[in-house]
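Engineer: Fold the following and give me the result.
(one chain, ligands or ions: 1)
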Amino acid sequence: MVSARYLVYVRLTATKALIIGGGIGGLTAAIALRQAGLDVTVFERRQELEEVHSGGGMVLWHNAIRGLRELGLAKQMQAVGSPLQEMEWISSAGRRLASWPVAEMNETFGVAAIGVLRASIHPVLTAALDDGVVQMGVECTGFSQDSNGVTAQFAGGHEEHGDVLIGADGIYSLVRADQLGNEAPRYAGYALSFGVVEAQHELVTRNRFRELGGPGARFIYFPVGGERTYWSAIYVAEESETKGYGGSKAELLPIYDGWPEPVGALLQATDDSVVFRREIFDRKPVKRWGEGRVTLLGDAAHAMTPNLGQGACQAIEDGVVLGKSLGAGGDLVEALRAYEKRRIKRTAGFVNRSWMIGSLGRWKNPVACAVRDQIQRIVFPTVALREQKKAMAYPF
Ligand SMILES: Cc1cc2nc3c(=O)[nH]c(=O)nc-3n(C[C@H](O)[C@H](O)[C@H](O)COP(=O)(O)OP(=O)(O)OC[C@H]3O[C@@H](n4cnc5c(N)ncnc54)[C@H](O)[C@@H]3O)c2cc1C
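Structural biologist: Take a look at the predicted model:
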């Protein structure tokens, strides 16, 4: 007699997932789906993975590292970043407003939150996939589905057939446009310039995340592995035609004139050729991510402003949950809807909170800024820290 377990095994090995987009979300999903027994191909339109400077850095919080631990990759990822032990908020007048005991949270969760270069993340993820799973330089141009499966079309004219299609193709997602309509992302009203630098300064330590806030601007810096520090300058700016690509220190120096060190030292130490600028967009939360055999993941589903440092962390959570959902062995379409049910509300919360923090950061009026400082002083070490701890404990 054929056992139920054998039938699940046959169903999954026969299941082919097409993942459009090989960013952090698409690659994590590929690993999770492979581990769940599916046959997976990732189609990525870029020819090369991220470059050290232009990719910048990010924080992978405890929830993301816990997600990677589910996939057996926590140690590898922690090894390429800098473990954080403290997070600190300071006013542009140099007053310490609040801090979070990140070291204590590292103990609680059994993993360390890390600062890491985007360029260091991709190799850890691709090393966990067999050769041929990720196809670089392949651009999806459209897709269709029927009761038998999905067919994706690619530039150059070839097609691929599968059982499910995952749109992990970022904020300007083609898959999202097909499923939810072609609405433009929402401009947040500020730009972010960033640099990666090896700078020696007594205030630049190897384990501290610091955020300075002033009228209409913030400045953040943290270690990202080795001797490198990543800094980002966030400041009120009009939306431009180029969406902010390019970047130079000339725009930043007047904004941060008179701010406490090491702001000036980090800017001075960074070569102008490795300063990059992005205008910041997100997408308002929606109630569904796909139909039938198609769903979304990562920024394609829930692009958020970077104020909570959760965009990639949520993409990693998505991948792990999608793997569990599809790996459970039931109907594929129901498995996609079950994944969305677990993810839509949670990610919408991060989109909305991140948007709100970004809006407060745009305040310029000195009185309003003094009130904001007070709020940070009171709320961050109490309510916000409690919320953070709860959010980091997401049950996979
Ligand atoms: C300045 C900044 C700072 C940030 N800091 C943090 C942080 O500290 N912590 C954090 O967790 N998150 C952070 N984020 C957010 C994080 O970078 C994103 O949420 C995350 O990278 C999204 O990953 P993704 O795989 O969903 O999308 P993407 O990284 O956008 O990947 C999508 C991929 O799809 C490919 N693609 C697109 N269209 C097609 C197509 N038609 N065919 C084939 N391939 C296609 C693209 O080339 C791309 O490689 C930050 C974001 C910004 C802008």
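Engineer: where in the chain is pLDDT low?
Structural biologist: Scanning the chain for pLDDT under 70 picks out the ranges 1-13, 243-245.
Engineer: what residues does it put near the ligand?
Structural biologist: 20-26, 43-46, 58-59, 139-140, 168-170, 174, 192, 278, 298-299, 306, 309-313, 315 (CB under 6 Å from any ligand atom). In this view, the C-beta of every residue, glycine as well, is placed from N, C-alpha and C.
Engineer: Sitting in strands, which of those residues do you find?
Structural biologist: Among those, the members found in strands (DSSP state E) are Ile20, Phe43, Glu44, Met58, Val59, Cys140, Leu192, Arg278.
Engineer: now, among the residues you listed, which is nearest to Ala338?
Structural biologist: Ile20 (21.0 Å; CB to CB).
Engineer: that older thread, report the buried members of the residues of the chain next to the ligand.
Structural biologist: 20-26, 43-45, 58-59, 140, 168-170, 174, 192, 278, 298-299, 306, 309-313, 315 (16 or more other CB atoms under 10 Å).
Engineer: if we can go back for a sec, closest to Gly290 among the ones in strands among the residues of the chain next to the ligand?
Structural biologist: For those, the nearest to Gly290 is Ile20 (12.0 Å; CB to CB).
Engineer: where's the closest one relative to Arg206, distance?
Structural biologist: Taking CB to CB, to the nearest Å as the measure, Ile20 falls 38 Å from Arg206.
Engineer: just to revisit the earlier point, now that we have the ones in strands among the residues of the chain next to the ligand, can you turn them into CSV and tack on distance to Ala384?
Structural biologist: CSV is the format used below for these (distance: CB to CB, whole Å):
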residue, distance to Ala384
Ile20, 36
Phe43, 39
Glu44, 36
Met58, 20
Val59, 15
Cys140, 39
Leu192, 21
Arg278, 25
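Engineer: Select the longest helix from the chain.
Structural biologist: helix 332-361 (DSSP state H).
Engineer: ok, then the element right after that helix?
Structural biologist: Downstream of helix 332-361, the first helix or strand assigned by DSSP states H and E is helix 366-379.
Engineer: which stretch of helix or strand covers Leu97?
Structural biologist: If you go by DSSP H and E, Leu97 is part of strand 96-100.
Engineer: would you list every one of the helices in the stretch 1-150 of the chain?
Structural biologist: Under the criterion DSSP state H, counting those that start in this stretch, the stretch 1-150 of the chain contains helices at 4-13, 24-35, 52-55, 62-70, 74-79, 102-109, 118-127.
Engineer: Burial-wise, tell me which of these comes out on top.
Structural biologist: Stretch with highest mean neighbour count among these: helix 24-35 (a mean of 26; mean count of other CB atoms under 10 Å).
Engineer: contact partners of that helix?
Structural biologist: 17, 19-20, 22, 40, 42, 44, 67-68, 70-71, 73, 118, 121-122, 125-126, 128-130, 133-134, 166, 168-169, 297-300, 312, 315-316, 318-320, 322-324, 326-327 (CB atoms under 8 Å, 6 or more residues apart in numbering).
Engineer: So the closest residue to Gly142 other than its chain neighbours, which state does it fall into?
Structural biologist: Closest residue to Gly142 apart from its sequence neighbours, by CB to CB, 6 or more residues apart in numbering: Gln153 at 4.7 Å. Following DSSP: H, G, I helix; E, B strand; the rest coil, we place Gln153 in the strand state.
Engineer: Would you point out the most distant pair within the ones in strands among the residues of the chain next to the ligand?
Structural biologist: The largest separation in those, counting by CB to CB, is between Val59 and Cys140 at 29.9 Å.
Engineer: neighbours of Gly110, just the number please.
Structural biologist: Gly110: 11 surrounding residues under other CB atoms under 10 Å.
Engineer: Would you mind giving both backbone torsions of it?
Structural biologist: phi 70, psi 10 (degrees, to the nearest 10).
Engineer: ok, now Asp331?
Structural biologist: phi -70, psi 140.
Engineer: Is there a neighbour count for it? I'd like the number.
Structural biologist: 10.
Engineer: what's near enough to touch it?
Structural biologist: By CB under 8 Å, 6+ apart, Asp331 has no neighbours at all.
Engineer: quick one on the thing from earlier: closest to Tyr235 out of the helices of the stretch 1-150 of the chain?
Structural biologist: Nearest to Tyr235 among the helices of the stretch 1-150 of the chain is helix 52-55 (19.8 Å), distances taken as CB to CB.
Engineer: on contacts alone, who are the packing partners of that closest one?
Structural biologist: Packing partners of helix 52-55 (3 or more CB pairs under 8 Å, 6 or more residues apart in numbering; DSSP states H and E): helix 118-127, strand 186-197.
Engineer: So which elements touch the shortest one?
Structural biologist: Contacting helix 118-127 under the criterion 3+ CB pairs under 8 Å, 6+ apart are the following elements: helix 24-35, helix 52-55, strand 57-60, helix 74-79.
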